[in-house]
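Participant: make a model of this:
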Amino acid sequence: MRFDSYDRIAIVTGSDSGIGEASAVALAKAGFDVGITYRSDKAGAEETAVKVRETGRTAEVRQIDLSRLPQAADVIDDLAEALGGLGVLVNCAGTGISTPVVDTGYDQWREVLAVDLDGPFLCAQRAARRMLRAGRGGRIINITSVHEHAPRVGSGAYCAAKGGLGLLTKVMAQELAAAGITVNAVAPGEIATPMTGNEDVDPHTVKRPGVPVGRPGDANEVAAVVAMLAGPDAAYVTGSSWVIDGGMLLMGPQAGSHLPDDEWRNG
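Facilitator: Residues are numbered from 1 along each chain as shown. Model (predicted):
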């Protein structure tokens, strides 16, 4: 059977700025109506909606707070009903802290795990159930991080959540493949977004000597891969993690042998 007639309707969580915003616009340009969510930046979400509508596609905006689970995941069904279906889910909403494991409070730990792992699980579950009922296939794309694959000092909660989401992606890919639903991860490195403090910076003007490409990434460079994975031509791509880091992870052992001091131990 072919499963390429899934709804050209996408939901992108955390699409009020950064990678989520860029992904929402890229999907609109690819012919998808888009459900947009935000946690606190309603103005940013409305700006994303304007950009989606400028492409001629429909946009709906909803607030979602993934620290309030499990009820927050109801927004997936709400948006799907408002838009008339669901073919693609992009789990992009996320958070993080920079705190050594021994200093991380349980409440901090739980918030990061809730937003970065529990929330994507519940949203993906809601989306998958709808896609299975429709019987026409679909796409689930989880935005993880290079720290799905590599640790970072001071980011124990974040790394645990992203690593868990990476393996959840693979399990769901196995379970849903026969129904024509692909599940993939996109793992960005340093991208010029509000989360990295580079929202208004042209990444081509920032030097990163330890990255082979020599600069941070642009959110649109991540969104291009999201849009590719969301399309019907990516039907044979599932269970993969697409690292978008300018080659940063390739530098592991080489970077380690060239660090001049112990400053890296401070995160």
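Participant: quick one, helices of this structure?
Facilitator: 18-29, 42-54, 74-83, 106-113, 119-134, 156-176, 219-230, 252-258 (DSSP state H).
Participant: which one of these is the most hemmed in?
Facilitator: Greatest average neighbour count among the helices of the chain goes to helix 18-29 (a mean of 27), per mean count of other CB atoms under 10 Å. C-beta coordinates here come from the backbone N, C-alpha and C atoms, glycine included.
Participant: how about low-confidence regions in this structure?
Facilitator: The chain contains residues with pLDDT under 70 at 194-200.
Participant: could you redo the last one with a cut-off of 80?
Facilitator: Within the chain, the ranges that satisfy pLDDT under 80 run 1, 193-201, 253-259, 267.
Participant: ok, longest strand in it?
Facilitator: Ranked by residue count under DSSP state E, the longest strand found in the chain is strand 181-188.
Participant: how far away is the closest residue to residue 174 other than its chain neighbours from residue 126?
Facilitator: Leaving aside its chain neighbours, residue 174 sits nearest to residue 239 (6.8 Å; criterion: CB to CB, 6 or more residues apart in numbering). According to CB to CB, to the nearest Å, residue 239 and residue 126 sit 20 Å apart.
Participant: what bridges to the residue nearest the centre of the chain?
Facilitator: Centrality entry for the chain: nearest residue to the mean C-alpha point is residue 143, 2.3 Å, by CA atoms, centre = their mean. Listed by DSSP bridges, the beta-bridge partners for residue 143 are residue 186.
Participant: quick one, what contacts residue 64?
Facilitator: Residue 64 is in contact with 13, 37, 38, 39, 72, 75, 93, counting by CB atoms under 8 Å, 6 or more residues apart in numbering.
Participant: wait, residue 267
Facilitator: Taking CB under 8 Å, 6+ apart as the definition, contacts of residue 267 comprise 98, 100, 152, 153, 154, 155.
Participant: neighbour-wise, give me the winner out of the contacts of residue 64.
Facilitator: Within the contacts of residue 64, neighbour counts (other CB atoms under 10 Å) peak at residue 13, which reaches 32 neighbours.
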